[in-house]
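> Sequence plus the predicted model coming up.
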Amino acid sequence: MTTKTEYTLHPDIVSFIETCLQKEHSESYLMDILHKIQDKYGYLSEEHMYEVAQRLQVPASTVSGVSTFYHFFRLQPRGKYAISVCMGTACFVKGADKVLNAFQTELGIGLGETTKDGMFSLENTRCLGVCGLAPVVTINEQVYSRVTLQQVSELINRILNKDVEKTT
Amino acid sequence: MGKILDQFNHIKQQLLQKREQYLAGSKTVIQIGSATCENAAGAQQVRAEFEKLLKASGRKDIHIKQVGCTGRCSQEPIVGVFVPDKFPFKYERVTVPKVQEIFQQHVLQGQPVVDLILDKKTSNLYNRLVTFSSLSTATTELPTKWENIFNERLKTRGVAEGSVRSFHGGCLGLYSAGEEGGRVGMLVFPEKVMYAFSTEKELDKIISSHFIEGKVYKPLLADIDPLINRFFSLYGDVAFFNKQTRLTLRNSGIIDPESLADYIANDGFEALALVLEKNDPQAIIDEISKSGLRGRGGGGYPTGRKWNDAITSSDPVRFVICNADEGDPGAFMDRSTLEGDPYSIIHGMAIGALAIGAQKGYLYVRAEYPLAIKRLENAIEQCCQVNLLGENILGSGYNFDLEIRLGAGAFVCGEETALMYSIEGKRGQPRLRPPYPTQSGLWGHPTVINNVETWANVPVIVRHGADWFARIGTEKSKGTKVFALAGKIKNSGLVEVPMGTTLREIIYDIGGGVEAGRTLKAVQTGGPSGGCIPAGLIDTPVDYDSLTQVGSIMGSGGMIVLDDEDCMVATAKFFLEFTQDESCGKCVPCREGTLRMLEILERITAGHGTMEDLDKLERLGRLIKKTSLCGLGQTAPNPVLNALKYFREEFITHIQDKRCPTQKCSKLTRFEIDPEKCIGCTLCARRCPVTCIKGTARKPHEIDQARCIKCGECFNVCKFEAVLKK
Ligand SMILES: Cc1cc2nc3c(=O)[nH]c(=O)nc-3n(C[C@H](O)[C@H](O)[C@H](O)COP(=O)(O)O)c2cc1C
Ligand code: SF4
Ligand code: SF4
Ligand code: SF4
Ligand code: FES
């Protein structure tokens, strides 16, 4: 089992947990803490969840219970480029299911999976609140609106080219 | 004046002074939308470009201001150029190269860029613009009547044709007491004055003075305080807006959502100061009860009654919560309000907290809305700084703290008991009610939980009175409702209308109708708990009761327009997939029942359904509704039951003919290339998004069925009818 010396959470998060401990109902900040960890590391690792349980003085089962209940929390690392297709109603009626399908075929992965090279992962979200611009796809933080099927392979190729430029 | 109002006015003066210094006498204002939707459309780049050009020009009398979104999604980014005494110009779909043009030509040289004007309303080039509006629900026919008389009169009085443009708007939210007698409101641009009159003689006087001599005719200026005037003085010339009544969205697109001073300059926190001064919590509750306000989160429970429920307990620890989880996957009213006017929600919650004796409040916001969260954090901090939140607010002895809590993508957490567990840091699984949150809520204490839009209405009711509010809307549904209009509609966006407005008015008059060349099939309201209203029932008024009557619900405000290309079976399946996925799994009927229903729908959409399946769906649906624990399960079958009621034929076509009339159901669609007809032009192969068409030039092509995603692109592009749809 992990020992205290192996704790790896960033000091900012540790100090946030400590301020939470000062407050009434400190255990109620669990989700806020998990959000902060996901923001920082991209996902919630077993080690980090265990560390949160220890530091916040709640059972580890509570932490894993919460993190598995809420879809927004990821328990696996994402690809370098996280492609997220909105599958809200507005996007659906504007053909988001076909867009998602095209990404799956093009990348050869299913929903929730990451390509072998770790470059792309594919997820869906439920409505980003920009339904007027449907169908909507986000790649990392960038929002792409009114995405057409033709754009799917273009987007992927553009990223691949840029990435090569950056790394060579 | 009392001590508290003194204190408030002091703070107000200080903030306004700072704002003056900051604006430093700037005359021209360039207003740029900044909300998630605006940014997705490129507003940030547009703003950066304006800032660059402004800096280069060295002009100090021009001010760039950010506002939330006006709800005109499909035309974003929207930029306003406001020069005193000139028409307020709005530009649509502004791009970085266009910024150059707008800045050079309009901002610097005063020449509007005509072809970029929002909705191509060349009205901006008229000398004057006139809007007529009714002042009472009893006289909604008046505006049209007076508009006609007005235009005739202008002609006979020799006012140059084309110099004045007129139209009749909605009620503009101007309904006021004692207006049943038939006065009509008349808003004139660019002077932005409002007349109210009832006889032709009076109209003549206005025409002589205002339209011939160019002088405002003071005796007939309306004495009503047009709350909405602010909005309409900027946006009233655009049809999309002038048919709306903006209460909830009164500040969206007007104030800088990151500036408390801007909110205060627009009457912000006046209502709180007033109720603190009066210090009569029960009077607030009575006023809210009298207004007839009902919850906007879907249930429609009377807000005043809810607040009264909460004060019956002797427990002195009480909470207020704002439900900003906005779970309907096709709705964005709450996001827009939070991003465009966060102060109004804080304001409403502070008043509610005073009314029920709560000292602490929580805003439960979807994690998917980072900009809304950021703006709320900023707004809370600013309010704390000037003591509008925190301890001893404005010296009243009353304390109120607000905290933000983030959701994490669970639809069921929009349900009030689940939401409270989630705030407590637990899994968000609903529990049986009663006890209701007003009896035993957060950590067991009495809790009032209301929706974003409900809270946003509270300051307006307190400020303008319950009677004023109750005049808007219908007998049983008071006030306005914001809808997120999306799907196959020309003008997608946010629309706020008085309750009782018909679907037709929303979709055609405001929404501009269905997208080019298609016909309306149905309107979906209520999201995954609602249903599709067929095109034949489009004259249904939107209020709680009428929508329930036609088998849908008001819901939280999602409104998705479907056209003849949409498959109703697939749409019903879409919603059931959603609720099935979001079921928290606590009770069997919801967890297992929705799964069974989904399996049946999957069978039907794959061509393996039987006619008995339809009865099974109905039986299961009724059972789930009756036996589920929370609202999610109790409403989950609605989209399917409703589709079966209105679009049964379509289910039957899927079952008996094994055909999806709209080709939305991909398992029932297959594309093949006829080798006899294909000339090998390669077009389809180049256009296929997943490059699954193989073949060499001038030879017949072939589709790799395993990879085909049935998008139909090849079918659409082939000029030789060689692609067959089966
Ligand atoms: C599954 C489910 C999801 C809900 N989602 C929301 C939501 O996203 N926003 C909301 O305000 N109310 C939602 N509600 C309704 C709330 O339970 C509650 O009735 C509402 O927040 C009360 O506020 P109001 O009276 O102002 O409408 C949901 C209810 C259920 C059963
Ligand atoms: S009805 Fe569904 S969502 Fe509600 S408690 Fe039961 S299983 Fe959970
Ligand atoms: S577009 Fe038509 S004719 Fe041309 S290759 Fe494709 S199927 Fe053949
Ligand atoms: S239907 Fe779409 S995916 Fe299938 S072959 Fe035609 S173009 Fe390609
Ligand atoms: S449905 Fe995709 S943004 Fe709303």
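Received it, and whenever you're ready, just let me know what you need. Ligands and ions are numbered 1, 2, ... in the order given.
> Need the pLDDT of the residue in the stretch 451-600 of chain B that ligand 2 sits nearest to.
Residue nearest to ligand 2 within the stretch 451-600 of chain B: B:C590 (2.9 Å; C-beta to the nearest ligand atom). Backbone N, C-alpha and C define where each C-beta goes, glycine included. pLDDT recorded at B:C590 is 97.
> you'd agree it is up against B:K625?
No - using C-beta atoms under 8 Å, B:C590 is not in contact with B:K625, being 9.9 Å away.
> and chain A, which of its residues are near ligand 5?
A:C86, A:G88, A:T89, A:A90, A:C91, A:C127, A:L128, A:V130, A:C131, A:A134, A:V136 (C-beta under 6 Å from any ligand atom).
> residues near the second one, how many?
By other C-beta atoms under 10 Å in any protein chain shown, 31 other residues sit near A:G88.
> all helices in chain A, in order from the N-terminus.
Taking DSSP state H, the helices of chain A run over residues A:11-22, A:30-41, A:46-56, A:60-69, A:89-93, A:96-107, A:149-167.
> Just name the most buried of these.
helix A:89-93 (a mean of 30; mean count of other C-beta atoms under 10 Å in any protein chain shown).
> need the residues of the stretch 351-500 of chain B near ligand 2, please.
B:V412, B:P430.
> please redo it, this time with the cut-off set to 8 Å
B:V412, B:E415, B:A418, B:Q429, B:P430 (C-beta under 8 Å from any ligand atom).
> Tell me where the chain is predicted with low confidence.
Here I'm looking at chain A. The model of chain A has pLDDT under 70 over residues A:1-5, A:165-168.
> ah, no, chain B please
In chain B (pLDDT under 70), the answer is B:1, B:24-25, B:120-127, B:136-140, B:167-181, B:223-230, B:232-233, B:236-237, B:239, B:242.
> So of the residues of the stretch 351-500 of chain B next to ligand 2, which two are at opposite extremes in space?
Greatest spatial distance among those (C-beta to C-beta): B:E415 and B:Q429, at 9.3 Å.
> These two: who's more crowded?
More neighbours surround B:E415 than the other of B:E415 and B:Q429, with 27 against 20 (other C-beta under 10 Å).
> Identify the residues contacting that one.
Counting by C-beta atoms under 8 Å, 6 or more residues apart in numbering or on different chains, B:E415 makes contact with B:P430, B:C630, B:G631, B:L632.
> Could you do B:K667 as well?
Residues counted as contacts of B:K667 (C-beta under 8 Å, 6+ apart) are B:T605, B:A606, B:G607.
> at 6 Å instead, please
With contacts defined as C-beta atoms under 6 Å, 6 or more residues apart in numbering or on different chains, B:K667 is in contact with B:A606.
> Just want to check the distance between whichever residue of chain A sits closest to ligand 5 and ligand 3.
Per C-beta to the nearest ligand atom, A:G88 is where chain A lies closest to ligand 5, at 2.3 Å. Distance, A:G88 to ligand 3, by C-beta to the nearest ligand atom, to the nearest Å: 34 Å.
> I'd guessed that residue sits against A:R126; true?
Yes - using C-beta atoms under 6 Å, A:G88 is in contact with A:R126, at 5.2 Å.
> anything in contact with each of the two?
Common neighbours of A:G88 and A:R126 (C-beta under 6 Å, 6+ apart) are B:P329.
> So what does the nearest residue in space to B:S57 that is not next to it in sequence have for phi and psi?
Nearest-residue entry for B:S57: B:L108, 6.7 Å, with adjacent residues in sequence omitted and distances by C-beta to C-beta, 6 or more residues apart in numbering or on different chains. Here is the backbone geometry of B:L108 (degrees, to the nearest 10): phi -90, psi -40.
> And B:L108, how close does it get to chain A?
31 Å (C-beta to the nearest C-beta, to the nearest Å).
> How many residues are close by that residue?
B:L108 has 14 nearby residues by other C-beta under 10 Å.
> For stretch B:193-213, list the C-alpha coordinates in PDB.
Extracted as PDB, the C-alpha positions of stretch B:193-213 are listed here (Å, rounded to 0.1, in the frame of the first residue of the first chain):
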ATOM      1  CA  VAL B 193     -38.700  58.100 -26.200                       C
ATOM      2  CA  MET B 194     -41.900  56.400 -25.300                       C
ATOM      3  CA  TYR B 195     -45.300  57.900 -25.900                       C
ATOM      4  CA  ALA B 196     -48.700  56.500 -24.700                       C
ATOM      5  CA  PHE B 197     -51.900  57.700 -26.400                       C
ATOM      6  CA  SER B 198     -55.400  56.500 -27.200                       C
ATOM      7  CA  THR B 199     -56.900  58.900 -29.700                       C
ATOM      8  CA  GLU B 200     -56.200  60.000 -33.300                       C
ATOM      9  CA  LYS B 201     -56.000  63.600 -32.100                       C
ATOM     10  CA  GLU B 202     -53.200  62.700 -29.700                       C
ATOM     11  CA  LEU B 203     -51.400  60.800 -32.400                       C
ATOM     12  CA  ASP B 204     -51.700  63.900 -34.600                       C
ATOM     13  CA  LYS B 205     -50.100  66.000 -32.000                       C
ATOM     14  CA  ILE B 206     -47.200  63.600 -31.700                       C
ATOM     15  CA  ILE B 207     -46.800  63.600 -35.500                       C
ATOM     16  CA  SER B 208     -46.800  67.300 -35.800                       C
ATOM     17  CA  SER B 209     -44.300  67.900 -33.000                       C
ATOM     18  CA  HIS B 210     -42.000  64.900 -33.300                       C
ATOM     19  CA  PHE B 211     -42.100  63.900 -36.900                       C
ATOM     20  CA  ILE B 212     -42.500  67.300 -38.500                       C
ATOM     21  CA  GLU B 213     -41.000  69.800 -36.200                       C
END
